[in-house]
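**Student:** The sequence isn't on hand, but the structure is:
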Ligand code: GRF
């Protein structure tokens, strides 16, 4: 299974996928890693010898044209799947349509609880005792697509947002690698039929 990974930040989820690919634990080829700005995630990709690209919103006159540029940049690598691994931009319906059913996102809560950019903060503020991570298919509505996998993570007394997010990210990296591995196996089975 050939994938393009999109990142915006530290790229620890990307690193977990890079490591799993390098160690032969999942049958995935990372064709390229893209971002909306220079970030640590891109550096991780470069260090692994993977092609990178940046499609920055400020270099495009409006959201639609940024989306089309991103679409072209991703499509140029002919991916079977597109993985949003900490990609903090919302893509439009036409982008979702271009890769329909093939975009995967990881989100640091048990969806449908706490969608949006502040999932960990919102879970803490709500006082939940269990939160977690969701790997799901991307649809036009934000954080709303079919759920592929989830893992629960406890909220401990006195947790800060950073502490809770770190605990979630540990679970997130494992769940993401497992889910990608399963999708790659399913794809290989389909191709063999
Ligand atoms: C992850 O928890 C992701 O779900 C969230 O931001 C974090 C990104 O972490 N949206 P990293 O860049 O993979 O380290």
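**Tutor:** Yep, it's here. None of the values given here were measured: they were computed from a predicted structure.
**Student:** Over to the closest residue to the ligand within the chain. Which of the three states is it?
**Tutor:** With C-beta to the nearest ligand atom as the measure, residue 86 is the residue of the chain nearest to the ligand, at 2.7 Å. In this view, the C-beta of every residue, glycine as well, is placed from N, C-alpha and C. What DSSP: H, G, I helix; E, B strand; the rest coil gives for residue 86 is coil.
**Student:** That one: neighbour count?
**Tutor:** 23 (other C-beta atoms under 10 Å).
**Student:** pretty sure it is touching residue 41, no?
**Tutor:** Yes - the pair residue 86 / residue 41 is scored as a contact, 6.9 Å apart, by C-beta atoms under 8 Å.
**Student:** what touches both of these two?
**Tutor:** Common contacts of residue 86 and residue 41, defined by C-beta atoms under 8 Å, 6 or more residues apart in numbering, comprise 7, 8, 9, 10, 11, 14.
**Student:** Could you report the neighbour count for the closest residue to the second one other than its chain neighbours?
**Tutor:** In this case it means residue 8. In this structure, residue 8 finds its nearest non-sequential neighbour in residue 88, 4.1 Å apart by C-beta to C-beta, 6 or more residues apart in numbering. Other residues within reach of residue 88, judged by other C-beta under 10 Å, total 14.
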